[in-house]
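Trainee: can't give you the sequence, but here's the structure:
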C-alpha cells in the first residue's frame, strides 16, 4: 500500500473516531435531558397530587366546620329549651310550695 492510502485510512479512522465520540456525547446529552425532563414531570405530578390533597383537606375542613356549627346551633337550642323547661318547673315548684305554705298556715 502506498503512503497516501495509509494516510487516507488514518484520516478516515480519525474522522470516524471523532464521529463516534460526538455520537456518544450526543447520546449522553440526550439521556441527561431525558432524565431532567422525567424528573421535572415527576416533580410536577407530585406537586399536583399535593395540591389535590390540600384541596381535599381544605374541603373536608370546611365541611367539618359547617357540621360543627350546625351541631353547636342544635346544642344551643337544646340548652335553651332545657333552661326554659327548668325555669318553668322552678316556677311551678315555687307556686306549689307557696300554695302549701298558705294552705298550712290557713288551716292552723
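Mentor: Yep, it's here. On a predicted model such as this, the values are computed, not experimentally measured, just so you know.
Trainee: what about residue 25, distance to residue 83?
Mentor: Separation of residue 25 from residue 83 (Cβ to Cβ, to the nearest Å): 85 Å. To be clear about C-beta, it is placed using only N, CA and C from the backbone, and glycine gets the same treatment.
Trainee: Residue 34 now?
Mentor: Separation of residue 34 from residue 83 (Cβ to Cβ): 72 Å.
Trainee: can you check residue 21 too?
Mentor: 91 Å.
Trainee: How about residue 95?
Mentor: Counting by Cβ to Cβ, the gap from residue 95 to residue 83 is 19 Å.
Trainee: can you check residue 24 too?
Mentor: Going from residue 24 to residue 83 by Cβ to Cβ gives 86 Å.
Trainee: do the same with residue 104
Mentor: In terms of Cβ to Cβ, residue 104 sits 31 Å off from residue 83.
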